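Student: coordinates only, sequence not included:
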């Protein structure tokens, strides 16, 4: 039985949320105390946070592209992002991505490759630049986030696709070699 990709994507997104929230929630419940608000993040995100931010943002974009409804993507943004972009503006911005028929569902399970370490610009915007190494098209991204109430909110998003480099046979490994 084949499970539709939309269901797989939804399940994976839910699992990411549970994994991201679960440990902190369990600790707070176990101690019976309310957790103090975390300090304002004025440092770049660590590797796990970077992967989560890239995946969750790209998953929201994937759902927007698939449905044509960019409202949730817009609502995940910072106040400035929401003021500068309507859902219609985002639909127009990503129309080319939608028209190519690029399948962005793989971003939920493939680890992004960052081309630079996460960094803060002078305006304290967190930047993630890299790609998801998917086939036949790789998914390139340039994402910026703003700290709003101790949460990283989208402040800009640029995504393109490009033909992925052809894999070499050595990348495949020994699984395709005949047994001796």
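Tutor: Nice, I can see it. Predicted model, so just to flag it, every value in this text is computed and none were measured. Numbers count the residues shown, from 1 in each chain.
Student: only C-alpha atoms from now on, for both contacts and neighbour counts.
Tutor: Noted.
Student: ok, residue 107 to residue 132 distance?
Tutor: When Cα to Cα, to the nearest Å is applied, the distance between residue 107 and residue 132 equals 7 Å.
Student: okay, now the unreliable bits of this protein?
Tutor: Per-residue confidence for the chain (pLDDT under 70) gives these ranges: 1-45, 167-180.
Student: show me where the protein has its strands.
Tutor: Here the chain has its strands, by DSSP state E, at 113-114, 119-120, 126-132, 137-148, 151-163.
Student: and of these, who's closest to residue 72?
Tutor: Within the strands of the chain, the stretch nearest residue 72 is strand 151-163; the backing value is 11.6 Å (Cα to Cα).
Student: which strands and helices lie in contact with the closest one?
Tutor: Here strand 151-163 touches helix 79-84, strand 137-148, going by 3 or more Cα pairs under 8 Å, 6 or more residues apart in numbering; DSSP states H and E.
Student: so it versus strand 137-148, what angle?
Tutor: Strand 151-163 and strand 137-148 are oriented at 160 degrees to each other (axes from the mean of the first three to the mean of the last three Cα atoms, to 10 degrees).
Student: can you tell me what sits against strand 151-163?
Tutor: By Cα atoms under 8 Å, 6 or more residues apart in numbering, the list of residues contacting strand 151-163 from outside reads 57, 76-78, 80-81, 97, 102, 125, 135-147.
Student: only whichever of those residues are buried, select them in ChimeraX.
Tutor: In ChimeraX syntax, the buried subset of those is picked out as below (16 or more other Cα atoms under 10 Å):
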select :57,76,77,78,81,97,102,125,137,138,139,140,141,142,143,144,145,146,147
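Student: CSV for the helices and strands packed on strand 151-163, including distance to residue 155?
Tutor: As requested, these are exported to CSV (distance: least, Cα to Cα, whole Å):
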stretch, distance to residue 155
helix 79-84, 5
strand 137-148, 5
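Student: among these, single out whichever gets nearest to residue 115.
Tutor: Evaluated with Cα to Cα, those place strand 137-148 nearest to residue 115, the distance being 9.9 Å.
Student: angle of the closest one against strand 126-132?
Tutor: Going by the same axes, to 10 degrees, strand 137-148 is angled at 170 degrees with respect to strand 126-132.
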